[in-house]
Structure formats: C-alpha cells, structure tokens
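>>> sequence plus predicted model, see below.
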Amino acid sequence: MTQYRLSVSISALVVLAALAHAQNLNTRLVGSANKFPGAVTPTNNYAGVWGIVGRNGKEYAIVPARTGTVIYDCSNPATPVERGFIAGPGSTSQPYFWREANSYGDYVYISSEHGPLQVINMTNPDAPALAGTFGTTAHTVSVDPGTGVLWASGGGPRGCVLFNVAANPIAPAELRRYTTDYVHDCLPIRGYAYLAQIFSGNMRILSTANIGSGLPIVSTTTTPGRFTHNVWVTDDDKLAVTADENQGGCLTVYDISNKAAPVQRSTWCSPNGATVHNVFIKGKVAHFSSYSDGYWAIDISKPTSPKPVARFDTNALTGSDYHGCWGCYPFQPSGLIYLTDMQTGFFIVEVTAGVPNHYGKGTAGTGGLVPTIDYAGGFAQVGNGTFAIEGTQMRGGSSAALILGVAATNQSVLGIDLLVDLGQPNVVFTSATGGNGGVAGSGSANIPVPLPNTPGIAGATLYAQYVVADPTNPAGLSASRGMKVTIAQ
C-alpha cells in the first residue's frame, strides 16, 4: 500500500481541530420523557424501544410501556413530543410486563406476552393508528429487512412463527414455524436467522435461503453464560455478539466468517457486575442496555480485545438484578441513542467521543455500490497508535484518496458530494484498492492515522471521506459518505 501525505501532519491537524473543542464528554443527555412515572423495582413501567424515520424525514421513537406503546416525535430531541399512544394488552397486577417493537416500511409491529401482535400504521407518523392485530403472544418481534418476513419469537408458540408482512403488512399470512427449541429473540438478515435460545443456552444459526422448503440448522454454539438473550451481527456478517442474561451475564464476540463453525474471540463483562441485556452493532461498536449500569458502547474493531467507549446511566440502581435500562436503539441517522429504563422512562443520549457519525450522501460506483467508510484498529482515543480509517465496497484494482480535515462541507464537485472542507486544514492520502480489477465491491483501503499521546487533542473532531477512481461515472469518481469522529480522552 502506498500513501502520500499532501498537507500537514496528523499531529498538527488534530491539534488544530482541538482548538474549538477543548472538553471531551463520552455521553450527553439530550432529552427525556416519562409518561408513566412511579415504578419502583421490581415493577417496570417500560420495556423495549425502537426507532423509525417517517415519510416526513423526522425521527420517531417507539416506546413500549406498561399499558401500551408511546410514539414520540424526536425531531427536536431536547423535547420529544408525544404523537400517539396505542393501548395494548397487559396486566396491571403483575410486577413485570413484556412488550417489544420492530418495523417494516410504514408499519410498526408490537409483540407482547399478554396478547397478539399489534400493527401500528405510521404512514402519517404524527397521527399513528392501530391498523390491526394478528398471530398470538410473542416475547420479541424481528423483521428481515431484505425479505419482509416477520419472526415472532417465544410467547405461546415458544419457537418462532414466520409471517409475510411484505405481501400484506396488516394481515400477513403465516409462512411456517420453527419449533425445535424455545427462542427468546432472533435476528433474521441476509440469508440467515441468528437465534438466541435462552433456555438451551446457545446461539443457533439457521439458513433462510429457502423458507418454503425448511430452515436447516447451520450451527449451534453454547454461549459462556448458557442463558443466551439476544444476538446481533456486523453488516459484513463476519462478527456476531451475544448477550447472556444470567445475573452478571456478559457480552461475547464471535467470528462467524464460517457460519458452520463460529469461533469465540472474547468476552466483556460489566466492571460493576451488571447484567448485559439487549445488544446491537452499528459499524464497529456494540451498543447495549445493561440494566443497573444503564447504557454501554463497546468498541469491537479489535474482536479479541473489546474496549468501552461510552456509558450513560439511566438510574441510581446497582448490582446484577433485572432492573434499570431495558432497551437501546442506536440506528437513527442523527446518531442519537434511544434508551428505555424500566423505572425512569425514555432517554435520548448523544455519544460525544469515540463513536463515529456518518453524514451526507455517498456516490455509487461500479455495480451501483457506494464506498463505505469506518474506523479500524481501535476507536479514536488519545494515544491510539493503531487507529486507522478503512473503506470497503470500492472498485477493485483502482485507487482511492482519503480526505481528512477539521471541518465538514457539502459541495458538488466532479460529480460527487464533497463532504470535507478543503478550504480548512486537511490531509490527503492515496492508496491502491486491491481486489480484482474492475470488480464491484472487491476493493478496499485501510490507511493508518495514528493518534499521538497528547492530552490536548481530546475533544478534537475529525472529518473524513474516501474518493475512488471509478470510470463507471461520467466524471470518473465514486465517493463514500462523510464520517465525523471526536477523539476521546
């Protein structure tokens, strides 16, 4: 790999960026709401949380609560506005209740241990309405975003019941059932379903290539705590993380490059003894709720050595009991994190350092693929000499330029959206993309950006974008989205 430094040094660049950002905080509370106050452990008034972007471009939070589901308009995240409440089945006499959410298109699906699945019509997200119910009780609900197949897990059927919500989002047909083991939660995506079989204590991978003919088992892996609560995978399907919900249960990272033989790479446990609950992956970061600990963000870019990036505590509780932060949703375009605490309500949190946010629009190249950009080699932290910026989904056998600067812009230049301001201090590196010549997505780049052990750079914000030579486009270029990252202490 050949690299050329065309401007100032990395050390000088981050010092310049730090001038405007002298203080670093890992997390910041942006907004909150508590429609149902007064719950005292072990009673819970809130359960899971989900998010959608409405047709109007605004971000909304879906907050399952004891007697129904609250929909908040979060376009002004400092003051979330309730846009609707959909009453749901439940019990006011039981100390615990269960309710989870997921979505497909303009519809939100709510599962409950107390009644059938609910369908909420979000075509007009400022006036949500109950569109219907179907199926039976379920502990959790998941939807394959590529196929529109909904998986209702647990509850009365115990395994999984599959419905085709792509064909009929309100009254879907049942496709088939998985009844081999009890399934607490699952992630169906890109040809596989990753099952958390909590009472069997394992992660099971099924092939969903041909649901009509069956769901063949690809592998079954016992997790360390033998109480497998949920599973999530990276976008490249190479890593999986599981959460064990036994008291004091931990996060475990697996290499699943070979789905038939997952390999455990590491385990991360709360330093406070709290129990990990619902885990998700966005980019190179595992985001999860952890009961009495609140919320954690853990860097998994080095799968053998996961490392905490950020934390936000939603309550004053301690220990390993099942109380506190239940839900986490990290996928909104704004980068804001939605959290639900069983006793204290709904929170909107910003991670202010270490976790990158992506912005702007990329430009597709060969094969219609937009180059990606993310970090590698450990998160952006003072003294991280292995920090790097990587790009994937590039044209093979080509060349790429990484633009790294201290300010963002959005200018149309040579057929791409230029997202790093070249009028401010910047560094440009070039690299061969490797891969097979001319083949869509086979190229990649990984450019080291070692961060000096200089305390003054904490809080500095860097902006990055990859531009790739690609003759598919008239101007001969494709480009990634922009990436913004603030250096952590």
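Cool, the structure landed.
>>> okay, which residue is most central for the chain?
residue 282 (3.5 Å; CA atoms, centre = their mean).
>>> contacts only, for that one.
By CB atoms under 8 Å, 6 or more residues apart in numbering, the residues touching residue 282 are 330-331. C-betas here are computed from N, CA, C, even on glycine.
>>> now do the one 5 residues further on
Counting by CB under 8 Å, 6+ apart, residue 287 touches 279-281, 295-297, 328, 330, 337.
>>> helices - which of these land there?
Taking DSSP state H, every one of the contacts of residue 287 sits outside helices.
>>> how about those residues in TSV, adding pLDDT, distance to residue 200 and neighbour count?
Output for the contacts of residue 287, formatted as TSV (pLDDT from 0 to 100; distance: CB to CB, whole Å; neighbours: other CB atoms under 10 Å):
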residue	pLDDT	distance to residue 200	neighbour count
279	98	19	23
280	98	22	18
281	98	23	21
295	96	28	26
296	97	26	25
297	97	29	24
328	98	25	26
330	98	28	23
337	98	31	27
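>>> which one of the residues you listed is nearest to residue 68?
Relative to residue 68, the closest of those is residue 328; by CB to CB it sits at 20.8 Å.
>>> please name the nearest non-neighbouring residue to that closest one.
Spatially, and ignoring its direct neighbours in sequence, residue 328 is nearest to residue 289 (4.3 Å; CB to CB, 6 or more residues apart in numbering).
>>> pLDDT score for the one you found?
pLDDT, residue 289: 97.
>>> beta partners for it?
In this entry, residue 289 is beta-bridged to residue 295, by DSSP bridges.
>>> low-confidence stretches in this protein?
Applying pLDDT under 70 to the chain picks out residues 1-25, 91-93.
>>> domains of it?
Split into domains by automatic domain parsing, the chain comes to 10-22+356-486, 27-351.
>>> elements contacting the longest strand belonging to the chain?
Longest strand in the chain, counting residues (DSSP state E): strand 461-469. Under the contact definition 3 or more CB pairs under 8 Å, 6 or more residues apart in numbering; DSSP states H and E, strand 461-469 sits against helix 10-18, strand 372-376, strand 388-394, strand 399-405, strand 416-420, strand 477-479, strand 482-486.
>>> residues contacting stretch 68-87, please?
30-33, 35, 51, 58-63, 67, 88, 90, 99, 101, 108, 110, 118, 120, 122, 125-130, 332, 334, 336, 338, 346, 348.
>>> just after the host helix or strand of residue 230, pick out the following helix or strand.
For residue 230, the element it lies in under DSSP states H and E is strand 228-233. As assigned by DSSP H and E, the chain's next helix or strand after strand 228-233 is strand 239-244.
>>> partner strands of that next one, with direction?
Assessed with DSSP bridges, strand 239-244 is paired to strand 228-233 (antiparallel), strand 251-255 (antiparallel).
>>> can I get the ones you listed in JSON lines with mean neighbour count?
Output for those, formatted as JSON lines (neighbours: other CB atoms under 10 Å):
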{"stretch": "strand 228-233", "mean neighbour count": "24"}
{"stretch": "strand 251-255", "mean neighbour count": "22"}
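>>> okay if I get those strands as JSON lines plus distance to residue 431?
Converted to JSON lines, the strands paired with strand 239-244 look like this (distance: least, CB to CB, whole Å):
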{"stretch": "strand 228-233", "distance to residue 431": "28"}
{"stretch": "strand 251-255", "distance to residue 431": "26"}
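>>> out of these, the one nearest residue 488 is which?
Using CB to CB as the measure, strand 251-255 is the one of these that comes nearest residue 488, at 19.5 Å.
>>> can you get me a residue count around residue 304?
Residues contacting residue 304 under the criterion other CB atoms under 10 Å number 10.
>>> what residues are up against it?
253, 265-266.
>>> secondary structure class for it?
Here residue 304 is recorded as coil under DSSP: H, G, I helix; E, B strand; the rest coil.
>>> return the distance of the closest residue in space to residue 412 that isn't next to it in sequence relative to residue 460.
Excluding the flanking residues, the one nearest residue 412 by CB to CB, 6+ apart is residue 418, at 7.5 Å. Shown here: residue 418 relative to residue 460, a distance of 21 Å by CB to CB, to the nearest Å.
>>> which one of these two is surrounded by more residues?
Neighbours were counted for residue 418 and for residue 460 using other CB under 10 Å; residue 460 has more, 26 against 21.
>>> hmm, the more buried one is touching residue 486, no?
Yes - counting by CB atoms under 8 Å, residue 486 is a contact partner of residue 460 at 7.0 Å.
>>> what's the local residue count around residue 265?
Residues near residue 265, counting by other CB under 10 Å: 18.
>>> ok, it - contacts?
By CB under 8 Å, 6+ apart, residue 265 lies in contact with 239, 253-255, 303-304.
>>> report how many residues lie close to residue 452.
Residue 452: 17 surrounding residues under other CB under 10 Å.
>>> now do the one 5 residues further on
When counting by other CB under 10 Å, one arrives at 26 neighbours for residue 457.
>>> report the separation between it and residue 384.
Using CB to CB, residue 457 is found at 11 Å from residue 384.
>>> quick one on the thing from earlier: now the residue nearest to residue 328: how far from residue 177?
Separation of residue 289 from residue 177 (CB to CB) stands at 29 Å.
>>> pick out whichever of these two has more residues nearby.
residue 289 (29 against 14).
>>> doesn't residue 275 make contact with that one?
No - Residue 289 is not in contact with residue 275 according to CB under 8 Å; the separation is 9.8 Å.
>>> so residue 29 touches residue 295, yeah?
No - in this structure residue 29 lies outside contact range of residue 295 using CB under 8 Å: 10.9 Å.
>>> shared neighbours of those two, anything?
Taking CB under 8 Å, 6+ apart as the contact rule, residue 29 and residue 295 both touch 312, 349.
>>> can you count the residues close to residue 115?
The number of residues near residue 115, taken as other CB under 10 Å, comes to 18.
>>> from residue 89, how far out is it?
3 Å.
>>> list the contacts of residue 421.
Residue 421 is in contact with 405-409, 463, counting by CB under 8 Å, 6+ apart.
>>> do residue 349 as well
By CB under 8 Å, 6+ apart, the contact list for residue 349 reads 27-30, 295, 312, 336-337, 339.
>>> filter those down to the buried ones, ChimeraX style.
Listed next is the ChimeraX selection for buried residues among the contacts of residue 349, using 16 or more other CB atoms under 10 Å:
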select :27,30,295,312,336,337,339
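>>> just the contacts of residue 349: which are in strands?
27-30, 295, 312, 337, 339.
>>> quick one: which of those residues is nearest to residue 192?
Comparing the ones in strands among the contacts of residue 349 against residue 192 with CB to CB places residue 337 closest, at 26.4 Å.
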